[in-house]
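Q: fold the following, please.
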Amino acid sequence: MKVVPCEAYSAKNSIDVGDTFVRILSFGELQGVVVENPSVAHAMRQIFEMLWQARPEKTESAVKDKIH
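A: Below is the predicted model of the structure:
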């Protein structure tokens, strides 16, 4: 698990990436948009993975510590 401090991400929005879609929700304005395009979803997933791996926490060690 990685924890992102509120200072780093405090938006009241949700961005969800599925296999074939990207969904962006704005809870304050009660608005949303869904882009149904596997290519766009793949690109968003790659961006997410690059940023996630750049965080200083190590996900594997955190998982192994909890299991063992």
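Q: kindly provide the distance from the most centrally placed residue in the chain to Glu7.
A: Closest to where the C-alpha atoms of the chain average out (C-alpha atoms, centre = their mean) is Phe48, at 5.7 Å. Noted for Phe48: a distance of 20 Å to Glu7, by C-beta to C-beta, to the nearest Å. No exception for glycine: its C-beta is placed from N, CA and C like everyone else's.
Q: likewise for Arg23?
A: From Arg23 across to Glu7, the span is 25 Å (C-beta to C-beta).
Q: what ranges do the helices span in this protein?
A: Assigned by DSSP state H, the chain shows helices spanning 38-54, 59-67.
Q: looking at those helices, which one has the lowest mean pLDDT?
A: Among these, helix 59-67 carries the lowest mean pLDDT, a mean of 50.
Q: for Pro5, see how far away the spatially closest residue to the residue nearest to the centre of the chain that is not a sequence neighbour is.
A: Closest residue to Phe48 apart from its sequence neighbours, by C-beta to C-beta, 6 or more residues apart in numbering: Val17 at 6.4 Å. Distance, Val17 to Pro5, by C-beta to C-beta: 22 Å.
Q: can you check Ile47 too?
A: Applying C-beta to C-beta, the value for Ile47 to Pro5 is 20 Å.
Q: do the same with Gln46
A: Relative to Pro5, and taking C-beta to C-beta, Gln46 is found at 24 Å.
Q: more neighbours: these two, which one.
A: Gln46 (11 against 7; other C-beta atoms under 10 Å).
Q: list the contacts of that one.
A: With contacts defined as C-beta atoms under 8 Å, 6 or more residues apart in numbering, Gln46 has no neighbours.
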